[in-house]
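[1] quick one: sequence plus predicted model below, questions after.
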Amino acid sequence: MLSISEEKMASNGNGEFTFANGNGTAAVANGNGTARNGLAKIQTQKKGNGMCHDDSTPPVKAQTIDELHSLQKKKSAPTTPIKGTQGGAFAITLSEVERQKQQLQSISASLASLTRETGPKVVRGDPAKQSETPKVSSHVSHHHHFTPTISVSDSALKFTHVLYNLSPAELYEQAIKYEKGSFITSTGALATLSGAKTGRSPRDKRVVKDDTTEDELWWGRGSPNIEMDEHTFMVNRERAVDYLNSLDKVFVNDQFLNWDPENRIKVRIVSARAYHSLFMHNMCIRPTPEELENFGTPDFTIYNAGQFPCNRYTHYMTSSTSIDLNLARREMVILGTMYAGEMKKGLFSVMHYLMPKRQILSLHSGCNMGKDGDVALFFGLSGTGKTTLSTDHNRYLIGDDEHCWTENGVSNIEGGCYAKCIDLSREKEPDIWNAIKFGAVLENIVFDEHTREVDYSDKSVTENTRAAYPIEYIPNAKIPCVGPHPKNVILLACDAFGVLPPVSKLNLAQTMYHFISGYTALVAGTEDGIKEPTATFSACFGAAFIMLHPTKYAAMLADKMLKHGATGWLVNTGWSGGSYGSGKRIKLPYTRKIIDAIHDGSLLNAKYKKTEVFGLEIPTEVEGVPSEILDPVNTWSDKNAHNETLLKLAGLFKRNFETFTNYKIGKDNKLTEEILAAGPNF
């Protein structure tokens, strides 16, 4: 035995000592210093009753694994009392059953077809979790189904399970279990595939032309509206509904459009994929439990049967894809494409039709608000910097893409953002980068199969990679997404010809002219040595989605601006000192200084001079911006080349505007000469 001097000793307070001997092994000695078997022993504090600490708990009461699993989840209940109840648990239960019954009747009616007027038998819940098939009963079933009165085929004998307004977590589970190509990325976002179509199919979009829409909508040259008749729509609707009813389960989202509570629209989306349900959960406005209880009948319904193609032998069909709008029935049918953006933009088209009827202007724009309540609208096509300039850490984001200008102010139509992801980086777009987390949907991206880290530069699936996430994922988002009347309307153009000024102040007629024109310039590919820019015009900066003639939206914009004292601006984010290939793109810090001067009002007080041909008012100086670049002619070394290029662009503007010069609004309203005079003169 070792001597005391060779031992390291510690008392545990109970008359015993724990020590380590010379060879590193532990021993416990009692009061007389003898070790117990020489073995290590762990000491714990004893309680007053002489028992050591015991953290064991009684076993669960479940008798089977299934019963144990059933204890894991508790049922959700409404968070507010049901209206009209007299109190008491029994009354509330009856009201809840009645509410669910009415809800399922509404969904069944949405899925009704021409031959089954009452719709299929619908029950709530995942069929994979049902222990047995629901039975038809005269009493209220645990599954709350609605029974049709007419059985015309085997499909009427089956139940259609409804997965209703599932949470993101539930939709993740559905996608991972049942949809091939669904994965969780390293940041928690859901990666998914949209199938063969990775973008919209504008040539396959159809609108029913009837007695009403024939006069109201914009048809013909330059219009995005391609006609179809009512009968063909019903053929496609029947095809979509029959497909959805043949499935074991469908996803149903009941949500809202427009943050303005007085003018919001109730929408229902019936789809076959968890990916589509989660996408719309993010993109539309999410109702509270209280709002969902009293949702009632939707104002508009989407039937997304995108996995199922249309019949190409059907009249008006040009491919196996068809996106059909029926404004009279307030319905949209999707066949032959699973690209989720069709739903988002389809609803935007609907808002472009419904809102002007209420004297509300629908806008394809970004929108932000300063800390003093000054609101700015940003219009611009792809590549003009709309997202970059409207995302400002010193200002609140109201929305990035779709808005309404009402009598109360401006409001976002959507509840989320749909951002491009190609070449996304944390440094350039930190807000978007950080928003791609649990709950977000990543479309058609490529990731490392082991780490699940996304490679945003990889275009293997498509260049049109996208992320859809709730707007509250943006730190400086203003919730609710509403603001006062805009003070500034900023039209962005990336002019690769290099002849438009970095900033111009517009009068009302000029604002209407450039709003209708919707100009930007794309740089042609350089593989074959072509350096010539290509002018692109998109009416109202969103021609693919407008329903009425562009002049109607422009006139409404002018009225709103005049009434509320807003100023129009044309900002060129493109080239200076020459066209693409010889000049240089205007530096982003200069453009930001210009936007800041618009926001703080200092640019209104600047001195202005007028340019030739386009007749634009340009400031002589802007703080932080070199004065020589404010007039494009100063930056060109070859003045003749500048003048030739300026006339060339002016000619392109005039040629584009020929589409609108002779258009009549209604029966006798011609496009005003004032707008025409606001264009280039040479």
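    Received, thanks. Numbering: from 1, shown residues only.
[2] could you work out the end-to-end span of stretch 377-392 for me?
    From its first residue to its last, stretch 377-392 covers 13 Å (Cα to Cα, to the nearest Å).
[3] quick one: contacts of that stretch?
    363-368, 376, 397, 400, 403, 410, 419, 429, 431, 474, 486, 488-494, 515, 518, 520, 522, 536, 538, 541, 573, 588, 591-592, 595 (Cβ atoms under 8 Å, 6 or more residues apart in numbering). C-beta here means a position set from N, CA and C on the backbone, and glycine is covered the same way.
[4] now those residues: which count as buried?
    Buried members of the contacts of stretch 377-392, scored by 16 or more other Cβ atoms under 10 Å, are 363-368, 376, 397, 400, 403, 410, 419, 429, 431, 474, 486, 488-494, 515, 518, 520, 536, 538, 541, 573, 591-592, 595.
[5] now intersect the contacts of stretch 377-392 with the helices, please.
    Asp431, Phe515, Leu588, Thr591, Arg592, Ile595 (DSSP state H).
[6] let's have those residues in CSV, adding distance to Asp66 and pLDDT.
    Below are the ones in helices among the contacts of stretch 377-392 laid out as CSV (distance: Cβ to Cβ, whole Å; pLDDT from 0 to 100):
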residue, distance to Asp66, pLDDT
Asp431, 45, 92
Phe515, 63, 97
Leu588, 60, 92
Thr591, 63, 96
Arg592, 61, 95
Ile595, 61, 97
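[7] pick the one among those residues closest to Trp218.
    Phe515 (15.2 Å; Cβ to Cβ).
[8] the closest one and Lys129, how far apart?
    Phe515 sits 53 Å away from Lys129, going by Cβ to Cβ, to the nearest Å.
[9] Asn488 contacts His599, doesn't it?
    Yes: with contacts counted by Cβ atoms under 8 Å, Asn488 reaches His599, the gap being 7.1 Å.
[10] now for the ones in helices among the contacts of stretch 377-392: which two are most distant?
    Pairwise distances across the ones in helices among the contacts of stretch 377-392 (Cβ to Cβ) peak at 27.5 Å, for the pair Asp431 and Phe515.
[11] helix, strand, or coil at Gln72?
    coil (DSSP: H, G, I helix; E, B strand; the rest coil).
[12] residue boundaries of the strands in the stretch 51-200 of the chain?
    Here the stretch 51-200 of the chain has its strands, by DSSP state E, counting those that start in this stretch, at 121-124, 159-164, 183-184, 190-192.
[13] these: which one's closest to Thr645?
    Nearest of the strands of the stretch 51-200 of the chain (Cβ to Cβ): strand 190-192, 44.9 Å.
[14] C-alpha coordinates for the helix or strand that comes right after that closest one, CSV please?
    Using DSSP states H and E, the next helix or strand after strand 190-192 towards the C-terminus is strand 205-208. Presented in CSV, the C-alpha positions along strand 205-208 are these (Å, rounded to 0.1, in the frame of the first residue of the first chain):
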residue,chain,number,x,y,z
LYS,A,205,-51.7,30.8,-71.7
ARG,A,206,-55.4,31.3,-72.7
VAL,A,207,-58.2,33.6,-71.6
VAL,A,208,-61.9,32.9,-72.2
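[15] mind checking the pLDDT average for strand 205-208?
    For strand 205-208, mean pLDDT rounds to 97.
[16] partner strands of that strand, with direction?
    strand 227-228 (parallel), strand 322-326 (parallel) (DSSP bridges).
[17] distance of Val252 relative to Leu157?
    21 Å.
[18] for the two, indicate the residue with more neighbours.
    Val252 (23 against 10; other Cβ atoms under 10 Å).
[19] just to check, that one is in contact with Val270?
    Yes: contact between Val252 and Val270 holds when scored by Cβ under 8 Å: they sit 5.5 Å apart.
[20] next, count neighbours for Leu500.
    There are 26 residues near Leu500, going by other Cβ under 10 Å.
[21] quick one: contacts for it?
    Listed by Cβ under 8 Å, 6+ apart, the contact set of Leu500 reads Ala493, Leu570, Asn572, Gly574, Phe614, Leu616, Pro632, Leu649.
[22] rerun at 7 Å
    By Cβ atoms under 7 Å, 6 or more residues apart in numbering, the contact set of Leu500 is Ala493, Asn572, Pro632.
[23] strands - which of those residues land there?
    Ala493, Asn572 (DSSP state E).
[24] and which of the contacts of Leu500 is nearest Gly581?
    For those, the closest approach to Gly581 (Cβ to Cβ) belongs to Pro632, at 16.0 Å.
[25] tell me how many other residues surround the closest one.
    25.
[26] one more: Thr213?
    Thr213 has 19 neighbouring residues, counting by other Cβ under 10 Å.
[27] ok, now how distant is it from Ala328?
    Per Cβ to Cβ, Thr213 is found 8 Å from Ala328.
[28] number of residues surrounding the residue lying closest to Cys367 once chain neighbours are set aside?
    Spatial nearest neighbour of Cys367, chain neighbours left out: Ile398 (4.2 Å); criterion: Cβ to Cβ, 6 or more residues apart in numbering. Counted with other Cβ under 10 Å, the neighbours of Ile398 add up to 28.
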